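J.: Quick one: sequence and predicted model below, then my questions.
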Amino acid sequence: MLARPNPAGAPTVKQRLLLTRWDFWTFVTFCVYIFMLAFIVYPLVSLFFNSFVSKDGGFTLQNYLNFFKVKYYHQALLNSFLVSSLATVLAILIGTPLAYIATRYDIKFKGLMRLMVIMSLLSPPFIGAYSWILLMGNNGFITKFIRELGIQIPSIYGWHGIVIVFALQFYPHIFLYVSGALKTIDTSLEEASESLGMTAWRRLRTVTLPLIFPTLSAGALMVFMASFADFGTPMLLGQGYKVLPILAYEQFVSEMGGNPAMASTLSVIMIFFSTIILFSQRYFVSRKNYSMTGMRTPVVKKLKPMPKVLLTVLVFIPASISILPQLTVLVTSFLAKSGPVFHRGFSLDSYKEIFFRVPKAILNTYSYSVLSIIIMVIAGMLIAYLLVRRKNKLTAFIDGIVMIPYIMPGTVLGISLIIAFNKPPIVLTGTWVILVIAYVVRKIPYTIRSSTAVLHQLDRSVEEASVSLGVPPMKTFFKTTGRLMAPGVMSGAILSWITTINELSSTLVLYYGATATISVTIYSEVFTSNYGTGAALASILTLTTLVSLLIANKLSGSRGLSL
Amino acid sequence: MSSVVFNHVTKYFGENKAVNDAHFSIEEGEFFTLLGPSGCGKTTLLRTIAGFYRNEEGDIYFGDRVINDVPTHERNIGMVFQNYAIFPHLSVFDNVAYGLRARKMGKKEIETKVMEALEMVELSHLRDRIPSNMSGGQQQRIALARAIVIRPALLLMDEPLSNLDAKLRVKMRTDIRQLQKELNITTIYVTHDQEEALAVSDRIAVLNEGVIQQIATPQQIYQYPHNRFVANFIGTSNFVEGSCEKDPDSSEHAGIIQLLGTTRKLSLHKPYEGKVVFAIRPEQVHLSGEPASNHTVQGTVKSVSFLGDKVSYLITLPDGSVMDVHDYPGKSQHLFREKQSLFLDIQLERTVMYDSTGQEVIYHAGEA
């Protein structure tokens, strides 16, 4: 009588497919697959094949051979690794202590500090570099001031400048990740260590740091990947110091005597190394994964007035330095000027000029971004639903594929889209459509992540109750699950939104005169030394970012932003 | 209202049969319970009926209609979930009205029906409240009202009371039973709590590892468990091994039983020789200070638990095994003390006897 599993009698895959009920979600799965194949897989495959194409159109390995033979090429890889690694180390050194103090002690103005840190992360990618040029370039405010004191200091240009700017912009990753880990750590472990007679410092070294290591390394990975992929900062500060994204871009843009196949090769190499870095981080973490019960979360230590002031000043030093570029930009945007030359005093000249000269760019940024975010929110929620509630082999693939653009540098994504869509059957190059596709593909992972997180917390039986009461699956989603997901989805969608309006690297490859956005315009303004108009445009982006963050914070209440 | 028929229904999870060849039917208006330990397939079977899972083999009928490929929302069922599954963004009234609105009913009719349903579950005074801060009992009442207001052909309940505290559970189960009788809705109820199942059901199906072990009324299931698993799962049973051989002096159905050093005769359902297992209920043993008959067994009291209406003894037998025995002492009678020696009179003719594997009934009292 007892049941024995009977493998011979189990239905085959084909039988199962025939038995699957075709509903709304089957349709969504189908659409997502089409979208992924067209805009992620096809461009990647095209890019890959293109890297093996010789000048006469045949197959060749010459591009890869050249990469290893010609110092100009492989030096860029080494440069990329050097600046990214140093920036990561520096970011860890800034971010970790900052996170520890901010989570464990009741310093003042915590909310403001957090906002400053997040803002410096979400600034346009090259605003940091650009402001540091204004401050510490050969003719910068600070450089001049110090020179007047009679001290010679090096300017911000060169590889060390790139490292500093990367670290200052990306340490918030470390700060946010580590703060999260420190908040959920189980204090009884630290107390156990204390009870065993460990001093505070050794306790930190032997218990706390090892416990947050997995999270810290995830944050470090983010810093490394962001630095590795960044285009704007090394472009502005490098002055001949080449990193991979710049090389790929230069090879691609033909007026510099480019070679698209070499650009593809460099792109494939970048993807290859990003993937290796990603997986090695996963591998190291998987061996050191501690499941944290987090039953008793740490209490925030009350401080006496003096130490409180001291610690507050201490954390505000890095926070202020990292927000300095955006303040500089803001101030610069109000400086009086004639042409590109600044005068004493303030005025709205720069703003007048941009509204007169480049209104299209402003309009483009907002219309493309709004369209993209609408697509991202809807698609992101639907995809998240498939991943969480319709788990099967088909949807598991989706999970892997939609995350690919997350590790692709923007330049590479742009190049792959152009190679895929500059020839029939589908020609999209030069249209705004390709920009929206790039934005959606590249930024949707944030929205998907926050959507899956909130779905995991939602009780599945709520929607089953709805279906059982006679409401079909699609309507059920929009009447129950979708509505309940909305607040949680927003924390990711806001990131998708902010990073989209600030997006430079893929836009730079894909835009075409009439489709220029604010970020591309800032880039060209800065290159033509129109600092005032560049600053005014950048201030518009910064203001939008700030307002978006504040609105999101208000709406999501205590939930805060999950980055 | 509808009958439900299962025709050799099998549901796979990977290679495993979560429901293995279910073949039975549920009558119109019946309160039918699926009972079994966790992982036995009872919830899977319920969710297959609801249409959340598709059975790979066999057919399910509502009345005379095969519903294998009818999507859930077209099955006209009402379902009550373990964790209430209340819509947190809707008021009590809107929660209950949800299914009626899906059925495109008029506003007035909805108002009347919802209020009627809310009155049945004694919640009409809370109609405009948002349910998220209400107690578990109240939330489950909303869920119940929401499920019955659409007058479903079938009411499905998946462990609806397991998140409530013990006292509320008893009250709620009585209420549910009463409501079900009043409305005469065919109901399929899933639980792992055997007492709950015995208290509310017309019939119970006991499941283990995906296989239905027995389908019967609560009384039959308690008194005549079909196999050792059911005897063990429903109520308490002491399993004692013995042996059985043919009685040469009597008809072929008579057996001579060796049990705990005593020899007795029983009239079997079928000829059997070899090892046997007895399922002895705690109340099927009589305790006394002196040997009452020639087949009493001596034992020692291991522990005494006074439970108010009865006393539960654990008694060590000569072979070292321990037996759970319930005694119902009158006013004057004293309790046996720990380590006290006493005599057990096992009322063998009231017990159930299985073959050595515990799968087949060789003997039980009353009709087969």
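T.: Looks like it came in fine.
J.: Moving along the chain from the helix or strand harbouring A:V467, name the first helix or strand you hit.
T.: Per DSSP states H and E, A:V467 falls inside helix A:460-468. On the C-terminal side of helix A:460-468, the closest following helix or strand by DSSP H and E is helix A:473-476.
J.: Quickly check: stretch B:180-200 near chain A or not.
T.: No. Residues of stretch B:180-200 are not located near chain A by Cβ under 8 Å from any Cβ of the partner chain, the shortest gap being 12.8 Å. Using the backbone N, CA and C atoms, a C-beta is placed for each residue, glycine as well.
J.: Need the three-state assignment for B:I188.
T.: When states are read from DSSP: H, G, I helix; E, B strand; the rest coil, the local structure at B:I188 comes out as strand.
J.: wait, doesn't it sit right on B:V4?
T.: Yes. The pair B:I188 / B:V4 is scored as a contact, 7.2 Å apart, by Cβ atoms under 8 Å.
J.: Flag the shaky bits of chain A, pLDDT-wise.
T.: Across chain A, the stretches falling below the confidence threshold (pLDDT under 70) are A:1-21, A:125, A:254-258, A:288-297, A:338-343, A:556-563.
J.: Look up the pLDDT of the residue of chain B found nearest chain A for me, please.
T.: The nearest approach of chain B to chain A comes at B:G99, 3.4 Å away (Cβ to the nearest Cβ). Looking at B:G99, its pLDDT is 92.
J.: before we move on, what about B:A197?
T.: B:A197 carries a pLDDT value of 94.
J.: Which neighbouring residues are in contact with it, exactly?
T.: B:T33, B:L35, B:Y189, B:T191, B:I204, B:P218 (Cβ atoms under 8 Å, 6 or more residues apart in numbering or on different chains).
J.: Same question for B:T300.
T.: Residues near B:T300 by Cβ under 8 Å, 6+ apart: B:I315, B:T316, B:K339, B:Q340, B:S341, B:L342.
J.: Contact residues of the stretch 101-250 of chain B facing chain A?
T.: By Cβ under 8 Å from any Cβ, the residues of the stretch 101-250 of chain B that approach chain A are B:102-103, B:143, B:146-147, B:150, B:156, B:208-211, B:213, B:227.
J.: sorry, back to before: so which of the contacts of B:T300 sit within helices?
T.: By the criterion of DSSP state H, membership of the contacts of B:T300 in helices covers no residue at all.
J.: Can you flag which of the contacts of B:A197 belong to helices?
T.: When the contacts of B:A197 are checked against helices (DSSP H), the matches are B:P218.
J.: Please spell out the ChimeraX selection for the buried subset of the residues of the stretch 101-250 of chain B next to chain A.
T.: With 16 or more other Cβ atoms under 10 Å in any protein chain shown as the burial test, the buried ones among those are selected in ChimeraX as follows:
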select /B:102,143,146,147,150,156,208,209,210,211,213,227
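J.: Tabulate the residues of the stretch 101-250 of chain B next to chain A (JSON lines), appending distance to B:A279 and pLDDT.
T.: Putting these into JSON lines (distance: Cβ to Cβ, whole Å; pLDDT from 0 to 100) gives the following:
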{"residue": "B:A102", "distance to B:A279": "49", "pLDDT": "90"}
{"residue": "B:R103", "distance to B:A279": "50", "pLDDT": "90"}
{"residue": "B:A143", "distance to B:A279": "38", "pLDDT": "93"}
{"residue": "B:R146", "distance to B:A279": "42", "pLDDT": "93"}
{"residue": "B:A147", "distance to B:A279": "38", "pLDDT": "93"}
{"residue": "B:I150", "distance to B:A279": "43", "pLDDT": "91"}
{"residue": "B:L156", "distance to B:A279": "32", "pLDDT": "94"}
{"residue": "B:N208", "distance to B:A279": "16", "pLDDT": "93"}
{"residue": "B:E209", "distance to B:A279": "20", "pLDDT": "92"}
{"residue": "B:G210", "distance to B:A279": "23", "pLDDT": "91"}
{"residue": "B:V211", "distance to B:A279": "19", "pLDDT": "93"}
{"residue": "B:Q213", "distance to B:A279": "14", "pLDDT": "94"}
{"residue": "B:N227", "distance to B:A279": "9", "pLDDT": "91"}
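J.: Of the residues of the stretch 101-250 of chain B next to chain A, which belong to strands?
T.: Taking DSSP state E, the ones among those that sit in strands are B:L156, B:N208, B:V211, B:Q213.
J.: Do I have it right that the third one meets B:D21?
T.: Pointing back at B:V211 there. Yes. Under the criterion of Cβ under 8 Å, B:V211 is in contact with B:D21, at a separation of 7.4 Å.
J.: since we're on B:D64, how many residues are nearby?
T.: One way to gauge burial is a neighbour count; for B:D64, by other Cβ atoms under 10 Å in any protein chain shown, it gives 8.
J.: quick one: it and B:V5, what's the gap?
T.: 8 Å (Cβ to Cβ, to the nearest Å).
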